[in-house]
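Enquirer: Need coordinates for the below:
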Amino acid sequence: MNQSNTKFQGRRVEHQVIGQATRDGDGVKLTRVLTQAHQRRLDPFLMLDNFGSDDPNDYGGGFPDHPHRGFETITYMIAGRMRHKDSAGNEGLLQNGGVQWMTAGRGVVHSEMPEQEEGVMEGFQLWLNLPSHQKMCQPAYQDIQSEKIPEFSLPSGIKLRVIAGETHGTAGAVNRPAELFPTQTLYLDIHFDQAARFQQPLLPDHNAFLYVYRGSAKVVSEHQETSIGIHRMAILQNEGTGVEIAASAGTKLLLIAGKPLNEPIAQYGPFVMNTREELIQAVDDFRAGLYNSSQS
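Expert: Numbers count the residues shown, from 1 in each chain. Purely as a prediction, here's the structure:
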């Protein structure tokens, strides 16, 4: 997006969401922030979970073998160690600051199990939908260690970690061809080391939200400032050329945006397709054991 001849106009906050406390996997305690109720509005994003605890009883069971089809899971680990294994033969250790980007495609069974018995386990899992022509693609997996994620600081005292997309001329760890992955995902982890303001251009048709996981922030537009408290998701209006965020020292937040697919969503738990018939087939294939082969 060329901003050189365009006056910056900050998006306003349309709605704020307080996450729902729940447990998943083998009893892992987490907060579900983006739920099915927001899938249409935040297309192509399907779910965002925030897990975080220093009590092993809250995370020790991990996420044993479970299936996925039709979308991608993006796990961002802030603290802790988690081992990934899947039926396509991939294995990796997710550690502090690292990202696991898994494309389930036509079907995969995987596990995510803690490799620690004490200490803090904290992070996020985002579900990103796949377009209809990619839902049955070959499963894929990227294990991106922290040092491979582009990171830089602005003179204002803001540190940026660029997981996907681009900001201030820096491309993220994951950037893929738009013809295959049209969502053009932006995924930033923004740390305010001192009080400052930050502007990020956003394409007008891209849906965007931010999630504050330390401190608090304000979304600033020409006629409005909206405070966003800790553990809240702010859905941004689609009017404006970008978003302006003001925050005090110590605030940390995620800024996520993407181009909507505008396709039907048919979901049953870990299966996300376009039609009910495809969904039934997805479940039948899993029950038949077809996800346990790379030839599924």
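Enquirer: list the buried ones in stretch 110-123?
Expert: The neighbour-count check on stretch 110-123 (16 or more other C-beta atoms under 10 Å) flags 110-114, 121-123 as buried. Where C-beta positions appear, they are placed from N, C-alpha and C, glycine not excepted.
Enquirer: Tell me which of those residues fall in helices.
Expert: Applying DSSP state H to those, no entry is found in helices.
Enquirer: Strands - which of those land there?
Expert: Counting by DSSP state E, the buried residues of stretch 110-123 place 110-114, 121-123 in strands.
Enquirer: follow-up on the earlier one: in CSV: the buried residues of stretch 110-123, plus pLDDT and distance to residue 174.
Expert: Listed next are those as CSV, based on pLDDT from 0 to 100; distance: C-beta to C-beta, whole Å:
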residue, pLDDT, distance to residue 174
110, 93, 18
111, 93, 22
112, 92, 19
113, 92, 24
114, 90, 24
121, 92, 23
122, 95, 21
123, 95, 16
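Enquirer: ok so, going back, take the ones in strands among the buried residues of stretch 110-123 and lay them out in CSV including distance to residue 41.
Expert: As requested, these are exported to CSV (distance: C-beta to C-beta, whole Å):
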residue, distance to residue 41
110, 28
111, 31
112, 28
113, 33
114, 33
121, 30
122, 27
123, 24
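Enquirer: and which of those residues is nearest residue 175?
Expert: residue 123 (21.8 Å; C-beta to C-beta).
Enquirer: So that closest one is in contact with residue 52, correct?
Expert: Yes - with contact defined as C-beta atoms under 8 Å, residue 123 counts as touching residue 52 (7.4 Å).
Enquirer: shared neighbours of those two, which are they?
Expert: Common neighbours of residue 123 and residue 52, using C-beta atoms under 8 Å, 6 or more residues apart in numbering, are 78-79.
Enquirer: Once you drop chain neighbours, what's closest to residue 278?
Expert: residue 266 (6.5 Å; C-beta to C-beta, 6 or more residues apart in numbering).
Enquirer: show me what contacts that neighbour?
Expert: Neighbours of residue 266 in contact, by C-beta under 8 Å, 6+ apart: 272-276, 278-279.
Enquirer: Please name the bridge partners of it.
Expert: Beta-bridge pairing of residue 266 under DSSP bridges involves residue 273.
Enquirer: now the end-to-end length of stretch 245-262.
Expert: 28 Å (C-alpha to C-alpha, to the nearest Å).
Enquirer: before we move on, back to that, now for the ones in strands among the buried residues of stretch 110-123: which two are most distant?
Expert: Farthest-apart pair in those is 110 and 122; separation 20.4 Å (C-beta to C-beta).
Enquirer: so how far is residue 45 from residue 176?
Expert: According to C-beta to C-beta, to the nearest Å, residue 176 and residue 45 sit 16 Å apart.
Enquirer: Let me fix that, I meant to ask about residue 26.
Expert: Separation of residue 26 from residue 45 (C-beta to C-beta) stands at 25 Å.
Enquirer: What about the nearest residue to residue 111 once chain neighbours are set aside, how many residues nearby?
Expert: Leaving aside its chain neighbours, residue 111 sits nearest to residue 65 (4.9 Å; criterion: C-beta to C-beta, 6+ apart). For residue 65, the neighbour count with other C-beta atoms under 10 Å is 14.
Enquirer: Nearest the geometric middle of the protein, what residue?
Expert: residue 126 (3.1 Å; C-alpha atoms, centre = their mean).
Enquirer: Need the three-state assignment for it.
Expert: Put simply, residue 126 is strand when judged by DSSP: H, G, I helix; E, B strand; the rest coil.
Enquirer: ok, it - contacts?
Expert: So residue 126 contacts 34, 45, 47-48, 73-76, 187, 256 (C-beta under 8 Å, 6+ apart).
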